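Asker: What would the 3D arrangement of this be:
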Amino acid sequence: MLQSLVVRILEKIIFWLFGILLFLVPLILWPFTSEVFEFNKIVLVYIFTTLITAIWTVRMIVEKKFIFRRTILDIPILVFLGSQLISTVLSIDPLTSWLGYYSRFNGGMISVICYCLLYWAFVSNIDVKRTLKLIYVTLASGAVVSIYGVLEHFGIDKSIWVQDVQSRVFSTLGQPNWLASWLAALIPITWVFILNSKTYIKSKSFWAFLSLSALFFWTLIFTKSRSGFAAFVVAYFLFWISYFWLKRSEFKKYLIPFFAISLSLFIICLISGTQWTPSISKIFTKSKITQVQAVPSGGTALEFGGTESGSIRRIVWKGAVQIWLHYPIFGTGVETFAYSYYMFRPVEHNSTSEWDFIYNKAHNDYLNMAANSGTVGIISYLFLIGFIIFVFVQKSKGSDVDNKESDIDSKLLAVALGAGYVSLLVANFFGFSVVPTQLEFFLFPAIAIALTDNQSGVSKNQPKKPGSTQKFLMLAVAGGALIIVFAIGRYWYADYLYAAGKGYNSINKPDVATNYLTRTVNAEPNQALYHSELASSYARLALAFNQQKAAEQVTRFIDLAISEADKSIALSPANVNLKRVRFGIFVMLSTINPNYLMGARDTLLSAIAQAPTDAKIYYNLGLVYARVGQSDLAIEALKKTIELKPGYKDARLAYAFLLIDKKQNAEAKTQLEYILTNIDPTDSLTKQTLEGIK
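Answerer: Got it, this is the predicted structure:
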């Protein structure tokens, strides 16, 4: 009896851990880490995966059997997992491939392992009754997120964020497209509970879930996410076409909830408008707006908010395809797009408003997978997706589970989960997955299987009293789990220290920053980014001591700065941005001794080998050459800069100054006139310089 009680307790613990995970992941954020949203969410996934897997293992030890429910997705998941592992081992930056790109985190090998373990733990331990409860928990989390999103639209936290959150809300997910994608996948589930109401408009549950559907959709509208809205439209049509096909013999019976849901969505679109349609208030005031707010002719996209995102995406996709073609089998490594993109970055990217942004994702999950994991990775990914869709189709056609705890139509839930899942695939075509949506990607099929599978996760065995070997194994598992959780906690704490140190560097307090950053590298010595930031602190301290004429301290901190910068590059040689930091450090140190400009020059030459189309690197190289007296090389570097980015005002101006020094006034005049004609007609320095050489 005691052992049976222990098993039931373990099963309940697994259920509660899943419930807490599903509720908290969308909600959790922390403003004092380097990344407010995704970092804390992925850490939560790491911790709860460890705990769930540990309890699952203990349950197997107690019951003295291997508890693993075989499903049709086991082989596709293993194939996908294997492709990611090989890509990680062969990666151009293994640490990034294991942990994910810093600031994104999701998608690294460890996160993929966690999601797979969560899938298997769910189908092996959660029965129908508990699955339904977890669906309610997920919807409850969605309600909290959405309520906050609506309040955000009306200005509850407008003073906190740099972004205009009233215009495009992101609630607790951190980015409007991520919030929209996550909600688009949840909305069809609310319709199942509406349709499940026996008396429809007389039922309290009908109105409760209709309100929840409207709340989710209203929040989605406030994100102004085109990809999220498109994903929702696909989910809407897929759900209702599938539903009416399944219920074709009772077609008329379900028209009331269909029209009620559709009407509520239409009314919201009328009230708030969409990305493509105006709100009803704007329709009535259209003529007035047209008269007083005519758009000036001749305006550019840059003047009204920058290059159109679709145009930038096409350029980034072109670069992703080139990466795939050059690394066709296993790619450059899981989550290494931020590094490999520089190698094949199209020249036309320099002509966009985001020309100097870091692109750490391809903004297309499929091209991102192809670039990072090659043909093997993308085929295994599509193979997994195909089998998951097959599961939803199979479960929507199958017979309902005999579930005395609820009269929910499990086939209909499978349809809703499938529609939500397809919406994720659509959204990911224009973006990329994040922690909350990746949980949906792996757990939606697990929920569908648990809901429509007669095999229960609850044990019916009567385990015997555990022996000494079992007790030892349980202690070993508990100890191992504690060690892993401690390591995860240390990983989180290191980031917290890093964020604090980086913050103090930003306000020019390198002494305080160094205190935090030295503790950071002691906690996580293999993270290149931490050493790079510490190098910047040391360089700032060298400058400070130089002003105080403390020569011994100056020498010490110069050596430490260069050492830490070199260490960061040794840890992550494929990361061009670390070379940018090293270049900046040498430029700072050159105020102490101009000879350090040679180090800056050599760093840029090394960076150019990895980023041959980056106009800013060539521009900085030209300036360095000019400062060390190598004017001919400076002119060549700046000519290359202008070739890569014709609209680069600073490069053309620097080029003109060098030409004036060489008495080539005619060509200098051409450069200055180009600036005034094509880039900035109001630039006073250019005008003064041009007047001076006439």
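
Asker: which stretches of the stretch 351-500 of the chain form strands?
Answerer: Counting by DSSP state E, counting those that start in this stretch, no segments of the stretch 351-500 of the chain form strands.

Asker: Ile14: how many residues sit nearby?
Answerer: Using other CB atoms under 10 Å, Ile14 has 25 neighbouring residues. Just so you know, the C-beta spots here come from the backbone N, C-alpha and C atoms, and that holds for glycine as well.

Asker: Skipping its backbone neighbours, what lies nearest it in space?
Answerer: The spatially closest residue to Ile14, leaving aside those adjacent along the chain, is Asn125, at 4.7 Å (CB to CB, 6 or more residues apart in numbering).

Asker: Please tell me how far the one you found sits from Val233.
Answerer: 36 Å (CB to CB, to the nearest Å).

Asker: Which one's more surrounded, the two?
Answerer: Asn125 (26 against 13).

Asker: doesn't Arg59 make contact with the more buried one?
Answerer: Yes. Counting by CB atoms under 8 Å, Arg59 is a contact partner of Asn125 at 7.4 Å.

Asker: Find residues that contact each of those two.
Answerer: Both Asn125 and Arg59 are in contact with 11, 14, 67, where contact means CB atoms under 8 Å, 6 or more residues apart in numbering.

Asker: May I see those residues organised as a markdown table, with distance to Ile379 and secondary structure added?
Answerer: Shown next, in a markdown table, are the shared contacts of Asn125 and Arg59 (distance: CB to CB, whole Å; DSSP: H, G, I helix; E, B strand; the rest coil):
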| residue | distance to Ile379 | secondary structure |
| --- | --- | --- |
| Glu11 | 37 | helix |
| Ile14 | 33 | helix |
| Ile67 | 31 | coil |
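
Asker: Val43: which of the residues you listed is nearest?
Answerer: Ile14 (20.0 Å; CB to CB).

Asker: wait, what's in contact with the closest one?
Answerer: Going by CB under 8 Å, 6+ apart, the list of residues near Ile14 reads 52, 55-56, 59, 121, 125-126.

Asker: Output the below-cut-off pLDDT ranges for the protein.
Answerer: 1-3, 198-201, 284-307, 398-407, 453-464, 694 (pLDDT under 70).

Asker: Leaving aside the residues adjacent along the chain, what's closest to Lys616?
Answerer: Closest to Lys616 by CB to CB, 6+ apart is Asp356, at 5.6 Å.

Asker: Give me the secondary structure label for Ala634.
Answerer: Recorded secondary structure, Ala634: helix (DSSP: H, G, I helix; E, B strand; the rest coil).

Asker: Next, count neighbours for it.
Answerer: Counted with other CB under 10 Å, Ala634 comes out at 23.

Asker: what's near enough to touch Leu443?
Answerer: If a contact means CB under 8 Å, 6+ apart, then Leu443 has 22, 118-119, 122 as its contacts.

Asker: For these, work out which two are farthest apart.
Answerer: Farthest pair in the contacts of Leu443 (CB to CB) is Leu22 and Tyr119. Separation: 13.3 Å.

Asker: Could you tell me which residues within the helix ranked longest in the chain count as buried?
Answerer: When the chain is parsed with DSSP state H, its longest helix is helix 468-506. Applying a neighbour-count criterion of 16 or more other CB atoms under 10 Å, one finds 470, 473-474, 477, 481, 484-485, 488, 491-492, 494-502, 504-505 buried in helix 468-506.

Asker: Could you check how far the residue nearest to Ile14 is from Ala446?
Answerer: 10 Å.

Asker: Please apply the same query to Ala416.
Answerer: Using CB to CB, Ala416 is found at 15 Å from Ala446.

Asker: Which one's more surrounded, those two?
Answerer: Taking neighbours as other CB under 10 Å, Ala416 and Ala446 compare with Ala416 leading, 31 against 26.

Asker: Verify the contact between that one and Pro188 for me.
Answerer: Yes. Contact criterion CB under 8 Å: Ala416 and Pro188 qualify, at 4.0 Å.

Asker: Overlap in contacts, the two.
Answerer: What both Ala416 and Pro188 touch, as defined by CB under 8 Å, 6+ apart, is the set Phe239.

Asker: Contact partners for Ser242?
Answerer: Counting by CB under 8 Å, 6+ apart, Ser242 has contacts 396, 415, 418-419.

Asker: Reduced to three states, what does Ser167 come out as?
Answerer: State at Ser167, reduced to three classes by three-state DSSP: coil.

Asker: Give the closest residue to it in space, chain neighbours not counted.
Answerer: Lys224 (7.0 Å).

Asker: Phi and psi next, for the one you found.
Answerer: Per-residue torsions, Lys224: phi 50, psi 40 (degrees, to the nearest 10).

Asker: count of residues packed around it?
Answerer: 18.

Asker: Could you double-check that it sits in contact with Phe170?
Answerer: No. Counting by CB under 8 Å, Lys224 stays clear of Phe170, with 10.6 Å between them.

Asker: Overlap of the contact sets of these two?
Answerer: Pro176.

Asker: Correct me if wrong: Gly480 contacts Thr57.
Answerer: No. Using CB under 8 Å, Gly480 is not in contact with Thr57; the gap is 9.0 Å.

Asker: Now do the contacts for Leu451.
Answerer: 128, 131-132, 395, 401, 410, 413-414.

Asker: Distance of Ala570 relative to Phe32?
Answerer: Distance from Ala570 to Phe32, by CB to CB: 29 Å.

Asker: Could you report the neighbour count for the closest residue to Lys41 other than its chain neighbours?
Answerer: Leaving aside its sequence neighbours, Lys41 sits nearest to Val435 (CB to CB, 6+ apart; 4.0 Å). If you count neighbours by other CB under 10 Å, Val435 ends up with 29.

Asker: Please apply the same query to the one 4 residues further on.
Answerer: Leu439 has 24 neighbours, counted by other CB under 10 Å.

Asker: wait, it sits on Val25?
Answerer: Yes. Counting by CB under 8 Å, Leu439 touches Val25, with 6.1 Å between them.

Asker: Overlap of the contact sets of the two?
Answerer: Val45.

Asker: who's in contact with stretch 250-260?
Answerer: With contact meaning CB under 8 Å, 6+ apart, stretch 250-260 is reached by 191, 194-195, 197, 200-201, 206, 210, 240, 243-244, 247.

Asker: cool, and stretch 531-541?
Answerer: Residues outside stretch 531-541 that contact it (CB under 8 Å, 6+ apart): 498, 501-502, 505, 508, 510-511, 513-514, 517-518, 520-521, 553, 557-558, 560-565, 567-568, 571, 578, 581-582, 584-585, 588-589.

Asker: okay, that stretch in PDB with CA atoms only?
Answerer: Output in PDB follows, covering the C-alpha atoms of stretch 531-541 (Å, rounded to 0.1, in the frame of the first residue of the first chain):
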ATOM      1  CA  HIS A 531      35.400  37.600 -21.300                       C
ATOM      2  CA  SER A 532      34.800  40.200 -24.000                       C
ATOM      3  CA  GLU A 533      32.800  42.500 -21.700                       C
ATOM      4  CA  LEU A 534      35.400  42.100 -19.000                       C
ATOM      5  CA  ALA A 535      38.100  43.100 -21.500                       C
ATOM      6  CA  SER A 536      36.100  46.300 -22.200                       C
ATOM      7  CA  SER A 537      36.100  47.000 -18.400                       C
ATOM      8  CA  TYR A 538      39.800  46.500 -18.100                       C
ATOM      9  CA  ALA A 539      40.400  48.800 -21.100                       C
ATOM     10  CA  ARG A 540      38.300  51.500 -19.400                       C
ATOM     11  CA  LEU A 541      40.200  51.100 -16.200                       C
END
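
Asker: 53 is where my numbering starts, stick with that
Answerer: Yes, from this point I'll number from 53; that puts the last item at stretch 583-593.
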